[in-house]
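1. Predicted model follows, preceded by the sequence.
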Amino acid sequence: MGTVFSFDVRGCSDPSRTRQALAEAVDFLHHVDRIFSPYREDSEVSRLARGALTPEQCGPEVQEVTRLCEDMVRRTEGWFSPWYGGGADGWDPTGLVKGWATEHAARMLASGPGVEAVCVNGGGDIQLLGGPWRIGLADPLTPGALAAVVEVGAGTPEAAVATSGPAERGCHIIDPHTGRPPAHALAAMTVVGSSLTVADAFATAAYAMGDAGRRWLEDQPDAEGLGTTAAGATWQSTGFARWTV
């Protein structure tokens, strides 16, 4: 997926089983990359784009991600979209796949005997199962500094943190309504919830919305957001403060 993953597993009663689960989770992530990478000519996503494969011929992972993308399009009122170029050029679900794959890997690790807590970090997007955890949110305008710290208590069964913006990869998010980069001046958009599949897609959508994302997030259950503008100002949804220290 072109990024680094890290794994933290706490409280396992069978280390050999945990090592096996870790190997299986890593294998799964490589499997996802082989299916969904738009940079691999032999991936199902690339073959779909070339017309060498039909959706019906794809494996169950593509079918599942397709359904999830359709749900996110509906829930974000079209601000999240797996179609680029207005649908004329192809289908690219990578705005959802990394979060979905990271969450799936975390649940694979959490199934091990005696596991008390799991953290899987996929390129800065994080799925947490159990706790406690403290997650630093990088300041997109000041390298090495933090914009906020998210705290997940020991009694929280699951939490997810996803950030979208140009700080790491440059401008790569497109307004699906115009086919161009968003006209606003957001430097980063972080969403906190329980599912990284949802938080990842919501962070992308809210970043594309700009300041309107704040009002939209207020209406979303199990989702809170922190936005940072290009000028360095921040705003947050009403419930975001309960996640911070």
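-> Nice, I can see it. Quantities reported herein were computed from a predicted structural model and do not represent experimental measurements.
2. CA only for contacts and neighbour counts going forward, please
-> Will do.
3. For the chain, which helix or strand comes out least confident on mean pLDDT?
-> When the helices and strands of the chain are scored by mean pLDDT, DSSP states H and E, strand 83-84 comes last with a mean of 72.
4. helix or strand right after that one?
-> Remark: after strand 83-84, the chain's next helix or strand is strand 90-91, criterion DSSP states H and E.
5. Any idea how far that next one is from the middle of the chain?
-> Relative to the centre of its chain, strand 90-91 is centred 19 Å away, using C-alpha atoms, centre = their mean, to the nearest Å.
6. show me the contacts for residue 9.
-> 109, 110, 115, 116, 117, 118, 119 (C-alpha atoms under 8 Å, 6 or more residues apart in numbering).
7. Please repeat the previous calculation with a cut-off of 10 Å.
-> For residue 9, the contact set (C-alpha atoms under 10 Å, 6 or more residues apart in numbering) comprises 15, 18-19, 22, 106, 109-110, 112, 115-120, 129.
8. Go through those residues and flag which are in strands.
-> Within the contacts of residue 9, residues falling in strands by DSSP state E are 117, 118, 119, 120, 129.
9. gap between residue 113 and residue 20?
-> Relative to residue 20, residue 113 is positioned 12 Å away (C-alpha to C-alpha, to the nearest Å).
10. State the distance from the residue nearest the centre of the chain to residue 124.
-> In the chain, the residue lying closest to the centroid (C-alpha atoms, centre = their mean) is residue 200, at 2.8 Å. According to C-alpha to C-alpha, residue 200 stands 11 Å off from residue 124.
11. now residue 131
-> Here residue 131 is placed at a distance of 18 Å from residue 124 (C-alpha to C-alpha).
12. what sits against residue 3?
-> Residue 3 sits next to 98, 122, 123, 124 when contact means C-alpha under 10 Å, 6+ apart.
13. what about 7 Å?
-> Going by C-alpha atoms under 7 Å, 6 or more residues apart in numbering, residue 3 touches residue 123.
14. before we move on, back to that, and the contacts of residue 9, which of them are buried?
-> Burial by neighbour count, judged by 16 or more other C-alpha atoms under 10 Å, picks out 18, 22, 106, 109-110, 112, 115-120, 129 from the contacts of residue 9.
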